[in-house]
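Colleague: need a structure here:
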Amino acid sequence: MSAPFTLRKIGVPPNSANLTEARRRVFDFFRAACRSLPTVMDIYNLQDVVAPSQLRFAISAQIRNNAHITDPKVIDLLLFKGMEELTDIVDHAKQRHHIIGQYVVGEGLVQNTGSKDQGKSDFLKNFYTSNYF
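Modeller: Okay, here's the model as predicted:
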């Protein structure tokens, strides 16, 4: 079975009955995302940039960022957004630099080490930290 069929089969219903059901749907989404990683690696030719295990870690990190949410409706909304993102990625609606920028270099794997502010004045450091969005 190919990845697009897997994604269509998982679909996110509009409302979870309770937190337990929403949690189960999050795990189902994570499984579907992990199963689609080999396809994503092939589509975007990411073998030279990142390993599948690192992408799996980036996906789990984004899920963990929302671990504090306990409202099933909010969880369902986030699942819907996640499924849309995953569908766009698998359907090749994004380009390679989008994937690398968002999941490899962005919030996913490479963390900001602060080395870009070395050698700058205190005024510039304060200016940059106050004006980053």
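Colleague: residue boundaries of the helices in the chain?
Modeller: Using DSSP state H, the helices of the chain run over 3-10, 19-35, 37-44, 52-64, 72-90, 96-99, 122-131.
Colleague: For those, could you give me CSV that also reports distance to residue 105, mean pLDDT and mean neighbour count?
Modeller: C-betas here are computed from N, CA, C, even on glycine. Converted to CSV, the helices of the chain look like this (distance: least, Cβ to Cβ, whole Å; pLDDT from 0 to 100; neighbours: other Cβ atoms under 10 Å):
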stretch, distance to residue 105, mean pLDDT, mean neighbour count
helix 3-10, 24, 55, 14
helix 19-35, 19, 94, 16
helix 37-44, 14, 93, 16
helix 52-64, 10, 92, 15
helix 72-90, 16, 93, 17
helix 96-99, 10, 88, 15
helix 122-131, 19, 76, 10
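Colleague: List the contacts of residue 41.
Modeller: By Cβ atoms under 8 Å, 6 or more residues apart in numbering, the residues touching residue 41 are 47, 52, 55.
Colleague: so which of those residues comes closest to residue 15?
Modeller: residue 55 (29.9 Å; Cβ to Cβ).
Colleague: if I look at residue 42, how far off is residue 36?
Modeller: Using Cβ to Cβ, to the nearest Å, residue 42 is found at 11 Å from residue 36.
Colleague: Distance to residue 19 added to the contacts of residue 41, as CSV?
Modeller: Putting those into CSV (distance: Cβ to Cβ, whole Å) gives the following:
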residue, distance to residue 19
47, 38
52, 30
55, 28
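Colleague: Good, wrapping up.
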